[in-house]
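[1] got a structure for you, letters missing:
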């Protein structure tokens, strides 16, 4: 349903990779809601943030090197990509940067809280600027 993929018919739809990264990062954030729960669920939080980091870094490298790693339509094809500036199934470069920053912020939440806060603020500023 197009209504669930985009806020407006004229806007680009959300890509499956974006939804997956958002869900994984949301789970990691939920598991790290307190310092005690972060330590208790560390064995889940770090792999979840690592998966998001790898996907986002791969997409960023795809843009930087004009390369196709083949992960963009790995799960679902993107028939609605016509008329967009991005390759089919690939999320925007700004989204990749934000996911990189946020995955690092969650990973460093327990060990380096100030760095985590700085990364989060930087991601929010990048998102608002976009």
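    In hand now; what should we look at? Just so you know, these numbers come straight off a predicted model, no measurement behind them.

[2] Which residues are in contact with residue 28?
    For residue 28, the contact set (CB atoms under 8 Å, 6 or more residues apart in numbering) comprises 44-45, 48-49, 52, 106. In short, each C-beta sits where N, CA and C put it, glycine included.

[3] For this structure, which residue occupies the most central location?
    Note on the chain: the residue nearest the mean C-alpha position is residue 99, at 3.5 Å, using CA atoms, centre = their mean.

[4] how about that residue, secondary structure?
    Secondary structure for residue 99, judged by DSSP: H, G, I helix; E, B strand; the rest coil, is helix.

[5] Once you drop chain neighbours, what's closest to it?
    residue 56 (3.6 Å; CB to CB, 6 or more residues apart in numbering).

[6] how many other residues sit next to that neighbour?
    The number of residues packed near residue 56 is 25, by other CB atoms under 10 Å.

[7] Check the contact between it and residue 94; I expect there is one.
    No: judged on CB atoms under 8 Å, residue 56 makes no contact with residue 94 at a distance of 10.9 Å.

[8] in the helix or strand where residue 30 lies, what's buried?
    For residue 30, the enclosing helix or strand under DSSP states H and E is helix 16-31. Buried residues in helix 16-31, counted by 16 or more other CB atoms under 10 Å: 16-18, 21, 24-25, 28-29, 31.

[9] which residues of this structure fall in strands?
    Using DSSP state E, the chain contains no strands.

[10] where does it dip in pLDDT?
    Low-confidence segments of the chain (pLDDT under 70): 1-13, 73-89, 130.

[11] what's the closest residue to residue 15 other than its chain neighbours sitting at in phi/psi?
    Closest residue to residue 15 apart from its sequence neighbours, by CB to CB, 6+ apart: residue 91 at 4.6 Å. The phi and psi torsions at residue 91 (degrees, to the nearest 10) take the values phi -80, psi 170.
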